[in-house]
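Engineer: sequence and computational prediction follow.
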Amino acid sequence: MLAHTGPVRVLVVDDEPTLAELLAMALRYEGWEVRSAGDGLSAVRVARGFRPDAVVLDVMLPDIDGLEVLRRLRGEAPEVPVLFLTAKDSVEDRIAGLTAGGDDYVTKPFSLEEVVARLRGLMRRAARSELRADSRLVLGDLVMDEDSHEVRRGGELITLTAKEFELLRFLMRNPRRVLSKAQILDRVWNYDFGGQANVVELYVSYLRKKIDAGRAPMIHTLRGAGYVLKPAE
């Protein structure tokens with residue numbers, strides 16, 4: 001994704017022209033190349049030609065919403081980092097965006113510095129992923145290919161969302177180690193999610209349904225301590 005030469009490419013999608021221009025100016029100041037779109041369909045069209053390294057995406061758009069834009073973008077670029085912009089400040093709305101596959105979010109009103117910092121963090125993670133030589137993580141009969149984003153258990157392909165994949169990757173990199181909710185929030189979401197640790201419980205439950213359903217469990221809860229991933233007994 002970031003292997004091309006030249007400046008980082010960022011697509012800004014927001015139907016408020018003034019805000020979109022302010023964001024574009026701030027990102028260009030970082031030396032990044034920026035394209036803007038004022039609605040969802042335009043965003044999908046621009047992305048096809050621009051091939052962004054990251055997307056700043058407003059949830060509320062005049063035609064299709066940001067969640068649908070994300071779905072279409074990921075159909076063509078499964079690993080592109082997406083930072084949601086939202087005027088809504090409830091836990092449910094945050095979780096909805098992340099569950100749909102968004103990598104992070106900021107709530108309006110926000111500082112331009114915060115958006116830039118979040119994007120830097122997302123792209124650092126993407127770059128670290130590309131630099132790893134060995135793309136496979138293996139624990140028991142669970143195998144993750146970090147390059148292709150394929151996960152298999154007992155040879156059976158398991159489909160995960162982007163955030164489910166990140167959570168499982170963190171667990172697989174720390175096998176047999178008890179990981180607290182705070183550690184998971186910090187490493188998978190890169191910040192404390194406003195103290196809403198229940199998002200970890202939610203995503204662990206998603207993973208269990210896909211990884212452990214009908215099989216000997218690998219994901220275990222240690223009450224009051226956290227979660228641990230270990231080979232099935």
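Structural biologist: Perfect, I can see it now.

Engineer: now do residue 136: how many residues are near it, please.
Structural biologist: 12 (other Cβ atoms under 10 Å). (Glycine included, C-beta is placed from N, CA and C.)

Engineer: could you give the separation of stretch 26-36 from the chain centroid?
Structural biologist: 21 Å (Cα atoms, centre = their mean, to the nearest Å).

Engineer: what's that stretch in contact with?
Structural biologist: Stretch 26-36 is contacted by residues 6-14, 20-21, 23-24, 46, 50, 52, 56, 112-113, 115-116, 119 when judged by Cβ atoms under 8 Å, 6 or more residues apart in numbering.

Engineer: report the buried members of the residues you listed.
Structural biologist: Listed as buried from the contacts of stretch 26-36 are 8-14, 20, 23-24, 46, 50, 52, 56, 115-116, 119; burial here means 16 or more other Cβ atoms under 10 Å.

Engineer: show me the contacts of stretch 26-36 that map onto strands.
Structural biologist: Those of the contacts of stretch 26-36 mapping onto strands are 9-13, 56, per DSSP state E.

Engineer: residue ranges of the strands in the protein, please?
Structural biologist: Under DSSP E, the chain gives strands at 9-13, 33-37, 54-58, 82-86, 104-107, 136-139, 142-145, 150-153, 156-158, 219-222, 226-229.

Engineer: name every strand pairing with the first one and say which way it goes.
Structural biologist: Pointing back at strand 9-13 there. strand 33-37 (parallel), strand 54-58 (parallel) (DSSP bridges).

Engineer: can you say which of those is nearest to residue 215?
Structural biologist: strand 54-58 (35.5 Å; Cβ to Cβ).

Engineer: ok now that closest one, how far from the chain's centre?
Structural biologist: 12 Å.

Engineer: that strand vs strand 82-86, what angle?
Structural biologist: 20 degrees (axes from the mean of the first three to the mean of the last three Cα atoms, to 10 degrees).

Engineer: dump the residue contacts of residue 229.
Structural biologist: 139, 168, 171-172, 174-176, 218-220 are the contacts of residue 229 under Cβ under 8 Å, 6+ apart.

Engineer: check the residue most central in space within the chain and give its pLDDT.
Structural biologist: For the chain, residue 103 is the residue whose C-alpha lies nearest the centre (Cα atoms, centre = their mean; 2.4 Å). Looking at residue 103, its pLDDT reads 85.

Engineer: I'd say it and residue 162 touch.
Structural biologist: Yes - counting by Cβ atoms under 8 Å, residue 103 does reach residue 162; the two are 6.5 Å apart.

Engineer: now the strands of the chain as a markdown table including distance to residue 207?
Structural biologist: Below are these laid out as a markdown table (distance: least, Cβ to Cβ, whole Å):
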| stretch | distance to residue 207 |
| --- | --- |
| strand 9-13 | 29 |
| strand 33-37 | 33 |
| strand 54-58 | 25 |
| strand 82-86 | 21 |
| strand 104-107 | 19 |
| strand 136-139 | 13 |
| strand 142-145 | 11 |
| strand 150-153 | 10 |
| strand 156-158 | 9 |
| strand 219-222 | 6 |
| strand 226-229 | 9 |
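
Engineer: list the contacts of the longest helix belonging to the chain.
Structural biologist: Counting residues, the longest helix found in the chain (DSSP state H) is helix 112-131. The contact list for helix 112-131 (Cβ under 8 Å, 6+ apart) reads 1-3, 8, 10, 22-23, 26-27, 30, 53-54, 56, 79, 81, 83, 85, 103-104, 106, 146, 190.

Engineer: show me how this protein divides into domains.
Structural biologist: Per the TED database, the structural domains of the chain span 9-130, 136-229.

Engineer: looking at the ones you listed, which is buried most?
Structural biologist: domain 9-130 (a mean of 18; mean count of other Cβ atoms under 10 Å).
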